[in-house]
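Peer 1: task: produce atomic coordinates for the following.
(one chain, ligands or ions: 1)
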Amino acid sequence: MRVLVVEDEHKIANAVKRGLQQQSYAVDVAYDADQGLAMATTEPYDLMILDRMLPGKTDGIGIVQTLRSNNIHTPVLLLTAKDKVLDRAEGLNAGADDYLVKPFAFVELIARVRALLRRSPQTSTTALAYQDLTLNPESMLVERSGQQIELTTKEFALLEYFMRHPERVLSKEQLIQHVWDYDADILPNTVEVYVGYLRTKIDKPFKSESLINTKRGFGYYFGVLGNTK
Ligand code: CA
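Peer 2: Presented below is the predicted three-dimensional model:
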């Protein structure tokens, strides 16, 4: 799951980034509206957290409006310093999905983020299951055949993306875009390395069918290809 944070207060932006990364999200940060707008309209995010007041040609509201008029319906959480009813209405009217008044507690932010992701089937926070493998995005527990599996946050994020897009060929580029941050600067063979780590933990120790598979020349797929349920 990849999140964009646009916030000009570096302290808040960096705290939010660190906190979300601990929850296994890939996080990009922009510190002004122009950079934020450019990233929001060109990179495939799963969620955006936008500050209302930003330096630049536009602001948080302007970014949401531009996204919605470009048919980009990524969930948006708006941060606002002002606790005015008018402001909130303005944000929601512009197309934001929720707002949070600053200062906020990090647990509150995470709760809002989860609630927004829960609304969309591609990002719901209920447990994912495929054959004998289960992954719980909330508790971050992974089990296969009743046996608990320890994953690093990046392995977890990669497996979660696979499990949300089962039985479909995913290119390395697609995996990079949704699982890694913009500034992670990773190469396609980094994906191979992480897929290798996942196989060692998810597939190799078990007698069951291999779930992480290679489609030579195209990328990877999770589960049984073309299995119609
Ligand atoms: Ca601000």
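
Peer 1: which residues of the protein lie near the ion?
Peer 2: Residues of the chain found near the ion (C-beta under 5 Å from the ion) are 8, 51, 53. All C-beta atoms are positioned from the backbone trio N, CA, C, and that covers glycine.

Peer 1: lowest-confidence one in those residues?
Peer 2: Among the residues of the chain next to the ion, residue 53 carries the lowest pLDDT, at 91.

Peer 1: circling back: highest neighbour count among the residues of the chain next to the ion?
Peer 2: Using other C-beta atoms under 10 Å as the neighbour criterion, residue 51 leads these with 25 neighbours.

Peer 1: show me the contacts for that residue.
Peer 2: For residue 51, the contacting residues are 6-9, 12, 60, 78-80, by C-beta atoms under 8 Å, 6 or more residues apart in numbering.

Peer 1: do residue 158 as well
Peer 2: Contacts of residue 158 (C-beta under 8 Å, 6+ apart): 175, 179, 194-195, 198.

Peer 1: and which of these is nearest residue 92?
Peer 2: Of all the contacts of residue 158, residue 179 has the smallest distance to residue 92: 30.4 Å, by C-beta to C-beta.

Peer 1: wait, that closest one touches residue 161, no?
Peer 2: Yes. Using C-beta atoms under 8 Å, residue 179 makes contact with residue 161 at a distance of 5.4 Å.

Peer 1: rewinding a little: take the contacts of residue 158 and keep only those in helices.
Peer 2: 175, 179, 194-195, 198 (DSSP state H).

Peer 1: neighbour-wise, which of residue 179 and residue 161 wins?
Peer 2: residue 179 (25 against 21).

Peer 1: residue most distant from the centroid, this protein?
Peer 2: Centroid-distance maximum for the chain: residue 207 at 31.3 Å, with C-alpha atoms, centre = their mean.

Peer 1: next one: that one from the ion, what distance?
Peer 2: Between residue 207 and the ion the computed distance is 54 Å (C-beta to the ion, to the nearest Å).

Peer 1: does that residue count as helix, strand or coil?
Peer 2: coil (DSSP: H, G, I helix; E, B strand; the rest coil).

Peer 1: do the same with residue 221
Peer 2: Residue 221 is classified as strand under three-state DSSP.

Peer 1: contacting residues around it?
Peer 2: Shown in contact with residue 221 (C-beta under 8 Å, 6+ apart): 167-170, 213, 215.

Peer 1: so which of the residues you listed comes closest to the ion?
Peer 2: Nearest to the ion, judged by C-beta to the ion, of the contacts of residue 221 is residue 170 at 36.1 Å.

Peer 1: that closest one and residue 220 touch, don't they?
Peer 2: Yes. Contact criterion C-beta under 8 Å: residue 170 and residue 220 qualify, at 5.7 Å.

Peer 1: shared neighbours, these two?
Peer 2: Common neighbours of residue 170 and residue 220 (C-beta under 8 Å, 6+ apart) are residue 162.

Peer 1: give me the more crowded residue out of these two.
Peer 2: Each of residue 170 and residue 220 has its neighbours counted (other C-beta under 10 Å); residue 220 has more, 22 against 18.

Peer 1: and that one, bridged to which residues?
Peer 2: On the basis of DSSP bridges, residue 220 is bridged to residue 170, residue 214.

Peer 1: that's all I had, so thanks and see you.
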